[in-house]
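Participant: predicted model and sequence follow; I will ask about them next.
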Amino acid sequence: MPASVVRAKILDAGMLLGCAIFLGSGLTGFSQTTNSFFQFVQSQGERHYTRVPHEVLAFYYGWYGKPEYHSWGDVDTNKPATSKTARYPFKGAYSSHDPEVLDWQIDQAKAHGVTGFIVSWWGQADWESWHDQSLALLLEHAERKNFKVSIYWEQAPGDGYRQIERAINELSYVLKKYGRSNSFLKVAGRPVIFAYGRVMAQIPASAWPEIIQQTRANAGDFALNVDSYQGSYSYLFDGMHSYALDGFPFEFEKNLADKFGDFRAWVAAYFNKGMKLARQRNRVFCAMVGPGYDARKAYKIDYQTDRLDGRTYRAMWEEAIKANPDWVLITSWNEWPEGTEIEPSLELGDKYLQITAEYSKRFLDRAPVDVPPAAPLPRFVPGTTRELDQVLSGRKIGVLMQDRMSDAEFWAAYCGATLQRLNWPDLIDPKVFNASNYPVLIHIGGEHYLSSVKVTDDVTLSLARYLSEGGFLVSLPTGTWPLLYDDSRKGVPHGITDALALGIDNGFEQPTNGIELTFYAKTNVLFGLPATAPFPGTGDLRWRPANRSRVPVSEIYVPLVQLKDGTGRPQGDAVCYIEHRTPSLAGGKSVYVWMRTAEAFGPDVFLPSLYQFISTRLKPIPADN
């Protein structure tokens with residue numbers, strides 16, 4: 001599935017900005033000491049995975065046959081065709097509860113090198129019970145055929161402690177009911193559960209210690225393998241995978257045949273990124289392969305990832321094998337509405353099973369990867385003797401974000417902060433959002449935002465009010481220009497960074513060919529950073545620096561990281577610190593960080609160093625706290 005569609009599906013669930021987050025007072029059954037997150041991550045760092053036996057696992061969907069799901073849509077057996085799928089299944093529009101179909105699917109998978117299924121699982125309650133029954137039936141048949149099964153944990157709805165409690169109960173249920181089966185997938189003796197990106201969007205970083213530790217207490221140890229290659233995930237979880245190619249360029253979706261070489265190079269780089277992150281922390285590394293994508297009938301969208309008569313699938317397999325993963329995951333066995341299936345169809349026969357058999361044998365015949373021990377996790381601010389978990393200890397920090405957990409959120413929690421995710425409507429309520437409740441607000445969003453919730457520009461005015469109360473706005477954007485495209489104005493450009501005196505400049509779209517660009521850090525205030533770091537050479541290179549000339553002269557402006565060319569000429573500031581003196585903002589403070597600065601220096605060094613600097617600019621915590 002293209003990453004753009006994955007993101008759209010998460011947004012459609014209404015869970016990204018709307019998820020209310022729990023870390024605060026009055027939450028029965030949950031307690032967080034100032035260093036509990038830190039201690040949990042340290043203990044997770046002691047879990048090492050090396051020489052993991054290879055597996056080839058396919059994402060599997062057991063939702064077919066329940067009429068209200070409309071998985072097949074309207075079925076015309078005369079053509080034959082369905083209204084929701086690009087192709088027609090070889091077994092017809094089957095039910096996922098048909099024993100004969102289950103046996104046939106497992107036999108076909110095993111005969112072509114697939115060692116197990118990862119079953120889409122939505123929970124055990126009421127409407128979700130069809131999925132749970134599908135899982136139980138499939139596992140029953142798998143046990144008789146020496147075939148492996150795991151689950152794909154699809155959702156973690158709710159808010160506050162209700163969300164945590166549901167997550168704990170459902171994980172415990174799966175592990176108790178299914179995890180002890182000989183056919184349930186295990187690594188190092190631990191049952192494996194995979195978590196989809198929707199779950200990672202819904203659950204905040206600081207909730208994971210409670211969820212994982214309580215589930216272990218209830219149902220025994222287990223391994224959690226999560227969707228997306230992110231540095232922070234390698235610290236918290238047992239493994240990483242991707243359901244789709246996250247960040248997959250749109251031009252590949254539209255013109256894959258013409259850009260096939262670029263597509264292949266991009267896939268290789270993507271797998272290499274995941275491999276490095278996983279191996280650095282001894283995590284289980286999974287590489288995803290898929291034949292293509294075509295949901296034009298199901299979702300009425302106007303693009304696809306062309307199968308190119310098998311070339312797409314072969315290229316992904318070849319690049320996956322080069323990356324030397326522990327497991328290869330196939331998207332998918334039978335996600336027919338999205339057109340990612342390798343299950344036989346009337347139109348294509350078993351072509352994609354034959355390709356799977358060819359490459360799975362090549363992969364499964366390779367020796368498992370021997371991974372050297374991971375480096376110890378950092379305990380101190382780089383370059384100092386200050387304990388990291390004390391940097392933001394006692395600070396309640398708001399996190400305004402639009403996507404799943406980021407490295408910035410993770411490291412704030414690791415540094416001892418009590419975090420609470422906020423959404424745009426929260427900002428316009430002064431009883432909720434004010435400098436007393438949240439002395440620091442970290443914005444981790446992209447370019448899109450809401451300037452208005454109830455009345456025009458009420459969010460903008462609330463952010464200005466927050467600064468005037470002495471608030472500290474930390475802008476750590478994931479896109480090129482934060483607070484630019486206003487979704488309350490139908491996504492038109494309406495940047496408010498000038499109104500907040502952040503002073504962002506246009507910079508450039510691409511560096512001039514041959515020019516040498518280097519970041520220079522003020523290491524006397526950003527402790528532990530290397531003095532220099534190279535400007536990125538690949539990926540999104542749009543440079544949007546801070547610039548003193550764009551900030552009102554009354555503001556105190558301090559560049560913390562500058563970009564310079566090979567002659568030493570400044571190209572703008574990657575990181576700046578501002579103390580506001582403009583009347584409407586007076587008393588507030590801001591930090592702006594260009595979107596790839598942490599990557600350039602290494603997030604495990606840069607973010608703790610940045611938070612250490614921020615902590616020195618905050619008012620002391622009152623003694624009675």
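Facilitator: Noted; the coordinates are in hand.

Participant: give me the neighbour count for the closest residue to residue 360 other than its chain neighbours.
Facilitator: Counting by C-beta to C-beta, 6 or more residues apart in numbering, residue 360 lies nearest to residue 113, which is 2.7 Å off, once chain neighbours are set aside. C-beta coordinates here come from the backbone N, C-alpha and C atoms, glycine included. Residues within reach of residue 113, counting by other C-beta atoms under 10 Å, total 18.

Participant: ok, and residue 363, which helix or strand is that part of?
Facilitator: helix 351-364 (DSSP states H and E).

Participant: who touches that helix?
Facilitator: 54, 56, 108, 111-115, 289, 291, 310, 313-314, 317-318, 320-321, 328, 330, 341-344 (C-beta atoms under 8 Å, 6 or more residues apart in numbering).

Participant: of these, grab the buried ones for ChimeraX.
Facilitator: A single ChimeraX command is used to select the members of the contacts of helix 351-364 judged buried by 16 or more other C-beta atoms under 10 Å:
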select :54,56,108,112,113,114,115,289,291,313,314,317,320,321,328,330,341,342,343,344
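
Participant: mark which of the contacts of helix 351-364 are part of helices, please.
Facilitator: If you go by DSSP state H, the contacts of helix 351-364 have 108, 111, 313, 314, 317, 318, 320, 321 in helices.

Participant: tell me which two of those sit farthest apart.
Facilitator: Using C-beta to C-beta, the two most remote members of these are 108 and 318, lying 23.1 Å apart.

Participant: pull the CA atoms of the helix holding residue 363 into PDB?
Facilitator: Below are the C-alpha coordinates for helix 351-364, written out as PDB (Å, rounded to 0.1, in the frame of the first residue of the first chain):
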ATOM      1  CA  LYS A 351       2.100 -16.000 -10.900                       C
ATOM      2  CA  TYR A 352       2.900 -14.200  -7.700                       C
ATOM      3  CA  LEU A 353       3.100 -17.300  -5.700                       C
ATOM      4  CA  GLN A 354       5.600 -18.700  -8.200                       C
ATOM      5  CA  ILE A 355       7.700 -15.500  -7.800                       C
ATOM      6  CA  THR A 356       7.400 -15.800  -4.000                       C
ATOM      7  CA  ALA A 357       8.600 -19.400  -4.100                       C
ATOM      8  CA  GLU A 358      11.700 -18.400  -6.100                       C
ATOM      9  CA  TYR A 359      12.800 -15.600  -3.800                       C
ATOM     10  CA  SER A 360      11.600 -17.100  -0.500                       C
ATOM     11  CA  LYS A 361      13.900 -20.100  -1.000                       C
ATOM     12  CA  ARG A 362      16.800 -17.800  -1.800                       C
ATOM     13  CA  PHE A 363      16.100 -15.900   1.400                       C
ATOM     14  CA  LEU A 364      15.300 -18.800   3.700                       C
END
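
Participant: pull out the buried positions in that helix.
Facilitator: 351, 352, 353, 355, 356, 357, 359, 360, 363.

Participant: for the closest residue to the fifth one other than its chain neighbours, list the residues it contacts.
Facilitator: Sequence neighbours aside, residue 112 is the residue nearest to residue 356 in space, at 4.9 Å (criterion: C-beta to C-beta, 6+ apart). Contact partners of residue 112, counting by C-beta under 8 Å, 6+ apart, are 350, 353, 354, 356, 357, 360.

Participant: and these as JSON lines, adding pLDDT and distance to residue 527?
Facilitator: Shown next, in JSON lines, are the contacts of residue 112 (pLDDT from 0 to 100; distance: C-beta to C-beta, whole Å):
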{"residue": "350", "pLDDT": "98", "distance to residue 527": "60"}
{"residue": "353", "pLDDT": "98", "distance to residue 527": "56"}
{"residue": "354", "pLDDT": "98", "distance to residue 527": "57"}
{"residue": "356", "pLDDT": "98", "distance to residue 527": "51"}
{"residue": "357", "pLDDT": "98", "distance to residue 527": "55"}
{"residue": "360", "pLDDT": "98", "distance to residue 527": "49"}
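
Participant: just flag the most distant two among those.
Facilitator: 350 and 360, at 13.9 Å, using C-beta to C-beta across these.

Participant: can you map out the helices along the stretch 301-450 of the chain?
Facilitator: Taking DSSP state H, counting those that start in this stretch as the test, the helices found in the stretch 301-450 of the chain are 311-322, 351-364, 407-414, 424-427.

Participant: all strands for the stretch 301-450 of the chain, in order.
Facilitator: Secondary structure of the stretch 301-450 of the chain (DSSP state E, counting those that start in this stretch): strands at 327-330, 396-400, 418-422, 440-443, 448-449.

Participant: let me have those strands in JSON lines, extended by distance to residue 504.
Facilitator: As requested, these are arranged in JSON lines below (distance: least, C-beta to C-beta, whole Å):
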{"stretch": "strand 327-330", "distance to residue 504": "39"}
{"stretch": "strand 396-400", "distance to residue 504": "17"}
{"stretch": "strand 418-422", "distance to residue 504": "22"}
{"stretch": "strand 440-443", "distance to residue 504": "13"}
{"stretch": "strand 448-449", "distance to residue 504": "14"}
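
Participant: residue 569: which of those is closest?
Facilitator: Closest among the strands of the stretch 301-450 of the chain, once you apply C-beta to C-beta, is strand 440-443, at 30.2 Å.

Participant: closest to residue 174 among the ones in helices among the contacts of helix 351-364?
Facilitator: Closest to residue 174, out of all of the ones in helices among the contacts of helix 351-364 and judged by C-beta to C-beta, is residue 108, at 25.5 Å.
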